[in-house]
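Asker: sequence unavailable; structure follows:
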């Protein structure tokens, strides 16, 4: 049976874990919250006391934490001599599903060079419903070899996987572009709504005959 680690078991990470387990994949999990860990165990996951322990025996590891600093600590440990890098076997795959600053993803890839570990930079879109429903969209940047190795785990949590490049930074860059587009749409809708309200244009339901 394939074994996968999930680091960060909040709204998004718990959905990853749930859908991996539903696909018949064994899951090691770690989170700082005791309540989240208890919920993870109840769904059938294996609780671990650290990212290092979660990486033991895992072929892939999803990182779903809050920021780039936390990602670095998960991969390398608080003092640079622990983390997933210290326990995952040669050829294993780290999946960066957290959304971080693109340059931080580039630095992570550089720091992993020579480690024998693959990195797929794959932030996600779909929010809480997508994570819990297994329908996330993944913007994956990594080698063909890494993607092939991680494919069963990725398909368990995602409905759509876009391969956006080989260089790690491309996943985060694609996600940033998507957020710019969504943000501009929101801004346009809000401005149009404000204009309509000021003009009292929304106060009538009269129809004009053709």
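Answerer: That came in fine, so what should we check first? Note that the coordinates shown come from a computational prediction; the quantities given were computed from them, not determined experimentally.
Asker: longest helix in this structure, please.
Answerer: The single longest helix within the chain, with elements called by DSSP state H, is helix 169-198.
Asker: list the helices and strands it packs on?
Answerer: helix 102-112, strand 118-121, strand 136-141, strand 158-165 (3 or more CB pairs under 8 Å, 6 or more residues apart in numbering; DSSP states H and E). For glycine as for every other residue, the C-beta is placed from the backbone atoms N, C-alpha and C.
Asker: in TSV, list these along with mean neighbour count and distance to residue 87.
Answerer: As requested, the helices and strands packed on helix 169-198 are exported to TSV (neighbours: other CB atoms under 10 Å; distance: least, CB to CB, whole Å):
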stretch	mean neighbour count	distance to residue 87
helix 102-112	18	14
strand 118-121	25	15
strand 136-141	25	24
strand 158-165	17	25
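Asker: got a markdown table for those, with mean pLDDT and distance to residue 60 too?
Answerer: As requested, the helices and strands packed on helix 169-198 are exported to a markdown table (pLDDT from 0 to 100; distance: least, CB to CB, whole Å):
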| stretch | mean pLDDT | distance to residue 60 |
| --- | --- | --- |
| helix 102-112 | 96 | 14 |
| strand 118-121 | 98 | 9 |
| strand 136-141 | 98 | 12 |
| strand 158-165 | 97 | 13 |
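Asker: which of those sits closest to residue 41?
Answerer: When these are compared by CB to CB, strand 136-141 sits nearest residue 41, at 23.1 Å.
Asker: which elements pack onto the closest one?
Answerer: Applying 3+ CB pairs under 8 Å, 6+ apart, we find strand 136-141 packed against strand 118-121, strand 124-125, helix 144-157, strand 158-165, helix 169-198.
Asker: next, the angle from the longest helix of the chain to strand 158-165.
Answerer: Helix 169-198 and strand 158-165 meet at an angle of 120 degrees, taking axes from the mean of the first three to the mean of the last three CA atoms, to 10 degrees as the criterion.
Asker: gap between helix 169-198 and the chain center?
Answerer: 21 Å (CA atoms, centre = their mean, to the nearest Å).
Asker: avg pLDDT for it?
Answerer: Averaging pLDDT along helix 169-198 yields 83.
Asker: mind listing what's buried in it?
Answerer: The neighbour-count check on helix 169-198 (16 or more other CB atoms under 10 Å) flags 169, 170, 171, 172, 173, 174, 175 as buried.
Asker: likewise for stretch 139-149?
Answerer: Using 16+ other CB under 10 Å as the test for burial, stretch 139-149 gives 139, 140, 141, 142, 146, 147, 149.
Asker: OK, contacts around the residue most central in space within the chain?
Answerer: Closest residue to the average C-alpha location of the chain: residue 97 at 2.1 Å, with CA atoms, centre = their mean. Neighbour list for residue 97: 12, 16, 62, 63, 64, 122, 123, 124, 138 [criterion: CB atoms under 8 Å, 6 or more residues apart in numbering].
Asker: quick check: of these, which lies closest to residue 87?
Answerer: Nearest to residue 87 among these, counting by CB to CB, is residue 63 at 14.1 Å.
Asker: what is the neighbour count of that closest one?
Answerer: 22 (other CB atoms under 10 Å).
Asker: next one: the one 4 residues further on
Answerer: Using other CB under 10 Å, residue 67 has 12 other residues around it.
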